[in-house]
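Asks: give me a 3D structure for the following:
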Amino acid sequence: MKETMLDASFVQEMIEVSSNLYRLGWDERNGGNISYLLTEREVSRYIDVSNEGRTVPMKFDASELAGHYFIVTGSGKYFKNTAKAPSINLGVIRIGDSGDNYDIIWGFEDGGFATSELPTHLMNHMERLKADPDHRVIMHCHATNLIAMTFTHSLEENMFSKTLWEMCTECIVVFPEGVGIIPWIVPGTNEIGEATAKRMKDVRVVLWPHHGVFGAGATIDETFGLIETAEKAAEVYSIVCAQGGKRQTITDKQLQDLADAFGVTPRKGILQL
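Replies: Just a heads-up that it's a prediction; the model follows:
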């Protein structure tokens, strides 16, 4: 029996991670979005890529990504419905040659479209591909404790990053470059995409204060795990604050020892040694 798109590993990964993000409460209603860069070979195994499908205009120049394929979550779609109706809630798109439109070549069967945050995703894919040729995934979600922390903690990046590193031993190993933080900006605009992409030049996690988090990685698992680790640290921070604050912590020397042991380089200016 010929395999269909629903048999594709990348579709199954999108279903699984969407379900997990909803289960964790990080993507309520139609909150959050994911885009996953694919090769033509991966896509053509399941469908005829010469099919142009529906063409959708974009108010953004993505010509750097012309001809590239992505599987993306849909605008207005609920993550809780992805598993039971993947061909409605997910779509495979190809960026047009002009860079200002995309073709839907699979999915969005109810007439839907890619996430309204697509320009933001594409801007960040472009930046991360410059920094990491293995980059493939952008994931946006509303991680509860990270959002809460943006209300109570200084939004200075070095201070925020160090607090996260101090909360869980693995943090400095998972994101030694720390986190990026942009000002509050209306979502769905090119402005928020540009601000996020500017920080994505140097980091893989960018916080949108009082809103959520943008993460980047080479795989779905890596990107989810990156956000998951930062969110766990933020949860521990919330619990520590509720218990009256720190009496002891991981010291700067211990954080550097961790970095040395795992062969990572912490962002300069955070550790005071």
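Asks: from now on I want contacts and neighbour counts done on CA atoms only, so please keep to that.
Replies: Will do.
Asks: can you tell me the closest non-neighbouring residue to G269?
Replies: Nearest residue to G269, sequence neighbours excluded (Cα to Cα, 6 or more residues apart in numbering): N158, at 7.3 Å.
Asks: what number of residues are in the vicinity of the one you found?
Replies: 19 (other Cα atoms under 10 Å).
Asks: show me what the most centrally placed residue in the chain is bridged to.
Replies: What sits nearest the mean C-alpha location of the chain, by Cα atoms, centre = their mean, is M139, with 2.1 Å. Beta bridges link M139 to I34, G215, judged by DSSP bridges.
Asks: was I right about it contacting G31?
Replies: No: with contacts counted by Cα atoms under 8 Å, M139 stays clear of G31, the gap being 11.5 Å.
Asks: check contacts around the residue nearest to the centre of the chain.
Replies: The contact partners of M139, taken as Cα atoms under 8 Å, 6 or more residues apart in numbering, are G32, N33, I34, S35, F214, G215, A216, T223, F224.
Asks: what's the spacing between the first one and T249?
Replies: Distance of G32 to T249, given as Cα to Cα, to the nearest Å: 33 Å.
Asks: between these two, which one's more packed in?
Replies: Neighbour tally, G32 and T249, criterion other Cα under 10 Å: the higher count belongs to G32, 28 against 11.
Asks: list the contacts for the closest residue to the more buried one other than its chain neighbours?
Replies: On the basis of Cα to Cα, 6+ apart, the spatially nearest residue to G32 that is not a chain neighbour turns out to be C141, at 4.4 Å. With contact taken as Cα under 8 Å, 6+ apart, C141 is in contact with L21, W26, D27, G31, G32, N33, G212, V213, F214.
Asks: just the buried residues from these, in PyMOL please.
Replies: Applied in PyMOL, the following selects the buried portion of those according to 16 or more other Cα atoms under 10 Å:
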select buried, resi 21+26+27+31+32+33+212+213+214
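Asks: let me see the domain layout of the protein.
Replies: Here the domain parsing of the chain from automatic domain parsing is 1-116, 118-268.
Asks: Serialize the ones you listed to TSV and add fields for mean pLDDT.
Replies: Listed next are those as TSV, based on pLDDT from 0 to 100:
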stretch	mean pLDDT
domain 1-116	95
domain 118-268	97
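Asks: which residue, other than its chain neighbours, is closest to G96?
Replies: In space, G96 comes closest to Y102 once its chain neighbours are excluded; the distance is 5.0 Å by Cα to Cα, 6+ apart.
Asks: now do the SS call for the one you found.
Replies: strand (DSSP: H, G, I helix; E, B strand; the rest coil).
Asks: isn't it right up against G53?
Replies: No: if you go by Cα under 8 Å, Y102 and G53 don't touch, sitting 9.6 Å apart.
Asks: helix or strand for D48, which one?
Replies: For D48, there is no enclosing helix or strand under DSSP states H and E.
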